[in-house]
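**Q** what would the 3D arrangement of this be:
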Amino acid sequence: SPSTGSVNCGDNATYTITPDACYSVADVIVDGVSQGALTTYTFNNVQATHSISATFVLNTYTITVTAGANGSITPGTGSVNCGDNATYTITADPGYSIADVIVDGISQGAIPTYTFNNVQATHTISASFTLNAFTINASAGTGGSISPSGAVSVDAGNNQSFTITANDCFSIADVVVDGISQGAISTYTFSNVASNHTIAASFTQNGPYTITVTAGANGTVTPGTGSVNCGNNATYTITPAACYHVTDVIVDGISQGAISTYTFSNVHAAHSISATFAANAPLVAPVVTGPTNVCPYIGTGDPVTFTAVSAGATGFTWIIPPTNVTIVSGQGTNTLTVTFQNGFAAQANKQIRVTGLSACGNSPQTIYYLLAQAPGTPAAITASSTNVCAVIGTPGTITYTIPKVTGATSYAWTAQAGTTTINHPNGPGVNDTTVTVSFTSGFTSSAITVSAANGCGTSNARSYAITRSNPSTPGLISGSTNVCEYILPNGSAGTYKINAVSGATSYNWTVNPNTAVVTHPNGAGAQDTVITIQFQAGFTTGSITVSAANGCGTSGVRSLSLSKLNPATPSVMDVIQLEVCPDRQYSYTLQSAPANATSLVWTIPAGATLVSQSPAGPMPTSITVAYPGTSVNGVVTVQSFSNCGNSVIRSQEVKLPACQLERQPITTKGTTQPVAAAETMQVNIYPNPTVNDFKLQVTTSAKEVINVRILDLQGRMLKQFTTAAYQTLQLGSDLKAGTYMVEVRQGNVVKTTKLIKF
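**A** Have a look, this model is predicted:
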């Protein structure tokens, strides 16, 4: 609008393009040219004829459809014309239900269809689904249970099992599923559940059970045969007739022994019980216990008790001597209490008689013989220590003990008068079996004695000898008699010690002369068995002495002489050629380490090289030296050292010609004639001695064959072979340890070398 019409030249003309409801502008064409989907257009300063046309398109809207798992929505996502209606169907998969339908974000509930009416905009619709569940009602009657129980929810398609359990003393009677009996089963499973169900269990009580009772002659078992409810207890009493006893009780065929009661606990089956009986044996003569020697009680008024034992007896008859014995209590029982008066010891009748009584007969009589005598001699005395010297003159004591003496009421202890004090820690009387004794410095060898006493007399004395003796002389003093390594200013401390002396409480050490420092690392007293010493620089000779002491005196003296010894001169060197030209090596070995030496110093000729020394450390007794191929003229020396000084130098002259790398004719001065083979053939064997094999090389300018023989010390040939000049052979690997001879012969020239194999 407006529609077709005239416009004055130079005017403007504006047109409005308006779509109908549910439509939109599709395009505007001006003078045949598209202007796009405009809703207004203006012709400015009109100067010619124009045209304008518009086209329109129906509106459509998208409805987005989303279905969750286990269901669908139809139709799916698509376009709907404006103003139309669109209906959607929501369908759950088998075993599932619609949970909710959401339209444009708003829940519509679990609806099966939804219609968008007069669609004027885009929309969304979504659905969710839930798995169906069914209820199984499980119940159990009295006497048992079902598990699970009650209303049990089961997802569609699942299985559900139930366990039926009877209580104690009950059994499963029946299981009914959906109204149909399944029998007395203990489990049931609903498979692929697709509907509601019911399951119910019923139970029946077990028992009662019969217990069969049988009693043999001369006794009863009560109660008799009868029924017992399941789970109850049933107790039976087995009673023999007078003068009889139970011999055995048999329960379910198994002997229980001679018991008087038996209980079947928590009865769950039928049982049987039977009993047999036998006549009681006659009573045996009573066994009486009590003191035999009654001397401690005569005339004291103290009660004395005697006890009688006879199996099966219900009472006892006691008979006592008619005089000097009075019954205090217990006649007719198994325990009799009496007192003894003065005069009992002298009377002839000292018997107590007793008889056991019962309704089935009496026992033989027992006679219990009493004595009235002095105690026996005490047993051997034991001492807490046999070393009296350790406590003489000190507050210390020694304990002496004896066992108690039967019938004794007191003890008499004696020891050397004036020099001992006897203490009675348990007091006087029957417990005075232990005493402690202290000894003054005046004590000499003596004895301690003890005797026991009671109202009838005193025993013989027991004696224990106590000997005073000085400690023994200490054993040998251990430690070096050569004190060089302990002399100041460079020496360390030397240790000297003895073994502990039995019974010694202290030690007396003396060291002279010229000592610098003496220490006692264990301190004074019985542990002072070790000293350390450093000697002054001027020390030459001296001694160490030691004696042991205790409360009894001092031992003899043990002595150790000391001296200062310079190191010995090294022994003659053993020289062995190990390698030949051009890499010559020699070993130089001492027979042993020099006496009194603490270090060895070696020197070698100029130009030589020290290859190794053995053993490692300050005392190498062997060295290996490498020499150049040029001529060597020098000395190998070795000297021993210690803190006291050094030894004489031991030397070994070294004279080696230059190595001849090629065989050359040897000529004498003023001539070109060859020198005799005896002057030119050299035999080198190395290493020698060895523990493995030897290497042999013959150096010669002669052309004759070189023959080699290995001989034992008796001249018997062990091996024979030939070699060439300058050839190196290995030999001797198969030889046993020992000494052999190697003979090398070329023409008329023979050279013999001793071999030593370890």
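**Q** now do the contacts for the residue found closest to Val221 once you drop the neighbours it is linked to in the chain.
**A** Leaving out its chain neighbours, the residue that sits closest to Val221 by Cβ to Cβ, 6 or more residues apart in numbering is Ala215, at 4.4 Å. Heads up, the C-betas are built off the backbone N, CA and C, glycines and all. Counting by Cβ atoms under 8 Å, 6 or more residues apart in numbering, Ala215 makes contact with Val221, Ile238, Ser274, Ala275.
**Q** filter these down to the ones in strands?
**A** Using DSSP state E, the subset of those located in strands is Val221, Ile238, Ser274, Ala275.
**Q** isn't the first one right up against Ser272?
**A** If I follow you right, that is Val221. No. At 10.8 Å, Val221 and Ser272 do not qualify as touching, with contact defined as Cβ atoms under 8 Å.
**Q** those two: which has the busier surroundings?
**A** Neighbour comparison, Val221 and Ser272: the larger count goes to Val221, with 20 against 14 (by other Cβ atoms under 10 Å).
**Q** sorry, back to before: out of the contacts of Ala215, who's the most crowded?
**A** Busiest of these [other Cβ under 10 Å] is Ala275, holding 27 neighbours.
**Q** just grab the bridge partners of that one for me.
**A** On the basis of DSSP bridges, Ala275 is bridged to Ala215, Val249.
**Q** residue contacts, it?
**A** Thr214, Ala215, Gly216, Gly219, Val221, Ile238, Val246, Asp248, Val249, Ile250.
**Q** which of these are buried? Put it as a PyMOL command.
**A** Per 16 or more other Cβ atoms under 10 Å, the buried members of the contacts of Ala275 correspond to this PyMOL selection:
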select buried, resi 215+216+219+221+238+246+248+249
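**Q** now pLDDT and distance to Ile199 too, for the contacts of Ala275, in TSV please.
**A** Shown next, in TSV, are the contacts of Ala275 (pLDDT from 0 to 100; distance: Cβ to Cβ, whole Å):
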residue	pLDDT	distance to Ile199
Thr214	97	48
Ala215	96	51
Gly216	95	55
Gly219	96	56
Val221	97	48
Ile238	97	51
Val246	97	55
Asp248	97	53
Val249	98	49
Ile250	98	47
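**Q** what helix or strand is Phe56 located in?
**A** Using DSSP states H and E, Phe56 falls within strand 52-58.
**Q** just the buried positions in that strand, please.
**A** Ile52, Ala54, Phe56.
**Q** likewise for stretch 412-429?
**A** Neighbour-count burial for stretch 412-429 [16+ other Cβ under 10 Å]: Trp413, Ala415, Gln416, Thr420.
**Q** my guess is the first one contacts Val435, does it?
**A** Spelled out, it's Trp413. Yes. Taking contacts as Cβ under 8 Å, Trp413 lies within contact range of Val435: 5.2 Å.
**Q** okay, and the common contacts of those two?
**A** In contact with both Trp413 and Val435: Tyr400, Ile422, His424, using Cβ under 8 Å, 6+ apart.
**Q** cross the residues you listed against strands and list the overlap.
**A** Per DSSP E, these map to strands at Tyr400, Ile422.
**Q** moving C-terminal of the one helix or strand in the chain whose mean pLDDT sits lowest, what's the next helix or strand?
**A** Lowest on mean pLDDT, DSSP states H and E among the helices and strands of the chain sits helix 677-680, with a mean of 50. Helices and strands here follow DSSP H and E; after helix 677-680, the next one along the chain is strand 682-686.
**Q** which elements pack onto that following strand?
**A** Where contact means 3 or more Cβ pairs under 8 Å, 6 or more residues apart in numbering; DSSP states H and E, strand 682-686 is packed against strand 574-579, strand 694-699, strand 738-746, strand 749-757.
**Q** so what's Pro618 up against?
**A** Counting by Cβ under 8 Å, 6+ apart, Pro618 makes contact with Thr598, Ser599, Leu600.
**Q** if you set the cut-off to 10 Å instead, what comes out?
**A** Ala597, Thr598, Ser599, Leu600, Val601, Phe641 (Cβ atoms under 10 Å, 6 or more residues apart in numbering).
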